[in-house]
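Undergrad: got a predicted model here, sequence first, then my questions.
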Amino acid sequence: MRRIGLPLVSPFRTSASGVDSRDVLLVRVITPEAEGWGECAAMNEPLYSPEYTEGAHAVVREHLVPRLLQQPDVEATEVEPRLAPVKGHLMAKAAVESAVLDAELRAAGLPLATYLGATTGAVAVGVSVGLTPSVGQLITAVENYVAEGYQRVKLKIESGWDVGPVAAVRRQFPDLALQVDANEAYTLADSSHLADLDEFNLVMIEQPLAADDLPAHAELARRLRTPICLDESITSARVARQAIELGATAIVNIKPGRVGGYLEAHRVHDVCRESGVPVWCGGMLETGIGRAANLALAALPGFTLPGDISASRRYFARDVTAPFELLPGGRLAVPSGPGIGVEVDEEVLTEVTTGVERLRPAPS
Ligand code: OSB
Ligand code: MG
């Protein structure tokens, strides 16, 4: 387990949280055959969901790794069942499973994208723009991203920062694929106000209401023309199926950490695809490790909308892998090497590391 501190190039603010430097937990699995890396999606503070970096670190150390090491060998598909007695902590579990999966695939010489069933070598990506101090600064930020080649922009919204800023951006960029993300900032009492967003031809509104209230999202969906997309609410393939059946979500944001790993993320994708519900890959301001794996997932055929998987420079001046650069058409290449397909730069890693802990199996 390793903790790294990576300053963001610009602070990222949502209705729920604000962060200017990422405190990231990395898991590195060392086996005789290969090494594997997993990045924990948890943020510095428990403001997006109950998990946070320090808590995830404790859970991995105290509860997950000891259970994993109760038996001498492990395959990626056995990680989830072995950790299932531990309730919740899906981001911590995902980091462990991802590291085991990466090691296993590197040992087999198989790219994660191939293993998951990728059908493309490059995926369309967008950019998520946090709350800004002024509408002028928002317009400038969007202008810069559009100039870099992004073809889809997501704006964070909250009460008092919604219709005005969205109208201003839409006026400047009439043809841009534009969507908004509320991170649970509203209630059903805001539905007529949210309906004022309908005129801006948004691709979707993401997570307008409380994560645990699927029926309220279904009711809101009946009151809006803008499609609803759930993020925080979708914690498993089972919940995804229920949300779709209830009419609570027309589009699904898939974040592997939020659902417990890439294997469950794959199952969420399958459930949505069977129901004709488009999906896209969400982001948690990942380093190159999480970004590489997310690109592999986003190459599955149901990912028909651009993901929150921006180029590395949108997040960090220096990353722990080679930077991902935007391709023409606002796309990123899917890594093609074994496992997650990228190498960790040990020199940078050492410089940004704030702590390392080694856990070993008990001698047999
Ligand atoms: O709700 O999608 C979100 C970042 C941190 C926590 C929650 C969210 C986000 C983002 C960032 O929107 C997307 C990205 O990584 O580019
Ligand atoms: Mg979101």
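TA: Right, received. Where do you want to start? Ligands and ions are numbered 1, 2, ... in the order given.
Undergrad: can we go C-alpha only for contacts and neighbour counts from here?
TA: Fine.
Undergrad: quick check: residue 203 touching residue 178?
TA: Yes: using Cα atoms under 8 Å, residue 203 is in contact with residue 178, at 6.0 Å.
Undergrad: okay but residue 96 is in contact with residue 27, surely?
TA: Yes: using Cα under 8 Å, residue 96 is in contact with residue 27, at 6.3 Å.
Undergrad: quick one: the strands in the protein?
TA: Taking DSSP state E as the criterion, the chain contains strands spanning 2-13, 18-30, 35-39, 122-124, 127-129, 152-156, 177-181, 205-206, 228-230, 251-254, 279-281, 331-333, 353-356.
Undergrad: nearest to ligand 1, of these?
TA: Distance to ligand 1, taken as Cα to the nearest ligand atom, is lowest for strand 127-129 among the strands of the chain, at 5.1 Å.
Undergrad: buried residues in that closest one?
TA: Buried residues in strand 127-129, counted by 16 or more other Cα atoms under 10 Å: 127, 128, 129.
Undergrad: partners of that strand in the sheet?
TA: Strand 127-129 has its sheet partners listed here by DSSP bridges as strand 152-156 (parallel).
Undergrad: does at least one residue of the strand it pairs with sit close to ligand 1?
TA: No: on the criterion Cα under 6 Å from any ligand atom, strand 152-156 is out of touch with ligand 1, staying 7.5 Å away.
Undergrad: can you tell me what sits against that strand?
TA: For strand 152-156, the external contacting residues (Cα atoms under 8 Å, 6 or more residues apart in numbering) are 14-15, 125-131, 142, 166, 176-183, 306.
Undergrad: need the contact list for residue 210.
TA: Residues near residue 210 by Cα under 8 Å, 6+ apart: 184, 185, 186, 187, 233.
Undergrad: how far away is the residue nearest the centre of the chain from ligand 1?
TA: Among the residues of the chain, residue 283 comes closest to the average C-alpha position under Cα atoms, centre = their mean, at 2.8 Å. Here residue 283 is placed at a distance of 3 Å from ligand 1 (Cα to the nearest ligand atom, to the nearest Å).
Undergrad: so what's residue 197 closest to, chain neighbours aside?
TA: Closest residue to residue 197 apart from its sequence neighbours, by Cα to Cα, 6 or more residues apart in numbering: residue 163 at 6.1 Å.
Undergrad: the closest residue to residue 157 other than its chain neighbours: neighbouring residues, count only.
TA: Excluding its sequence neighbours, the residue lying closest to residue 157 (Cα to Cα, 6+ apart) is residue 182, at 5.0 Å. Using other Cα atoms under 10 Å, residue 182 has 21 other residues around it.
Undergrad: same question for the one 4 residues further on.
TA: By other Cα under 10 Å, the residues close to residue 186 number 18.
Undergrad: could you number the chain from 110 rather than 1 from now on?
TA: Got it, first residue is 110 now, which makes that one residue 295.
Undergrad: give me the nearest residue to it, chain neighbours excluded.
TA: Closest to residue 295 by Cα to Cα, 6+ apart is residue 318, at 5.2 Å.
Undergrad: tell me the phi and psi of the one you found?
TA: Note on residue 318: backbone dihedrals following degrees, to the nearest 10 are phi -120, psi -180.
Undergrad: so which of the contacts of residue 319 is the most crowded?
TA: The most neighbours of any of those, using other Cα under 10 Å, belong to residue 342, which has 26 neighbours.
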